[in-house]
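K.L.:
need coordinates for the below:
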Amino acid sequence: MTEFVTYPKRNVQVIALSGRFDGSAIPSVRHWLEEATSKENAYVVVNLAQVSFLDSSALATLVFGLKRAWQFNGNLRLCCLQRRVRLLFELTRMDRVFEIYPCEEDAVDAFSTLELVP
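P.N.:
Numbering: from 1, shown residues only. So this is what the prediction gives:
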């Protein structure tokens, strides 16, 4: 079962997931991503530190969030991937699609550099 908490961190919306990120969690996570990316400059960080397993529907949900953020001139970044979750991203080449950071603070800080660009 997947649980998650959400919170703002500066100008970024963070969702921290835990447990197995699979089909049972998709509707609630997708709904949150849809809400978080429904405004201009939607900046989202997905913290996967406590996620032990990810399936293809979870990957599709993250891609949905990323594309939706792009539609509103935003972005979605991932952080804190456990080794076996990171391996899944590498095997599917999703590590080339997503910006992945070692820690949440780095992912959030990467958005602050966008504010400096005219």
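K.L.:
tell me what the host helix or strand of residue 31 is packed against?
P.N.:
Taking DSSP states H and E as the criterion, residue 31 maps to helix 26-36. When contacts are defined as 3 or more C-beta pairs under 8 Å, 6 or more residues apart in numbering; DSSP states H and E, helix 26-36 packs onto strand 3-9, strand 12-21, helix 56-71. (Glycine included, C-beta is placed from N, CA and C.)
K.L.:
please repeat the previous calculation with a cut-off of 7 Å.
P.N.:
helix 56-71 (3 or more C-beta pairs under 7 Å, 6 or more residues apart in numbering; DSSP states H and E).
K.L.:
what's opposite residue 50 in the beta bridge?
P.N.:
residue 18 (DSSP bridges).
K.L.:
could you measure from it over to residue 84?
P.N.:
Distance of residue 50 to residue 84, given as C-beta to C-beta, to the nearest Å: 13 Å.
K.L.:
of these two, who's got more company?
P.N.:
Counting neighbours by other C-beta atoms under 10 Å for residue 50 and for residue 84 shows that residue 50 has the greater number, 15 against 11.
K.L.:
roughly how far does that one sit from residue 112?
P.N.:
For residue 50 relative to residue 112 (C-beta to C-beta), the value is 25 Å.
K.L.:
where are the low-confidence patches of this protein?
P.N.:
Residues of the chain that meet the criterion pLDDT under 70 lie in 114-118.
K.L.:
helix, strand, or coil at the residue nearest to the spatial centre of it?
P.N.:
Nearest to the geometric centre of the chain sits residue 46, at 2.9 Å (C-alpha atoms, centre = their mean). Recorded secondary structure, residue 46: strand (DSSP: H, G, I helix; E, B strand; the rest coil).
K.L.:
identify the bridge partners of it.
P.N.:
Beta-bridge partners of residue 46, as defined by DSSP bridges: residue 15, residue 78.
K.L.:
tell me who's in contact with it.
P.N.:
Contacts for residue 46 (C-beta atoms under 7 Å, 6 or more residues apart in numbering) come out as 15, 17, 62, 76, 78.
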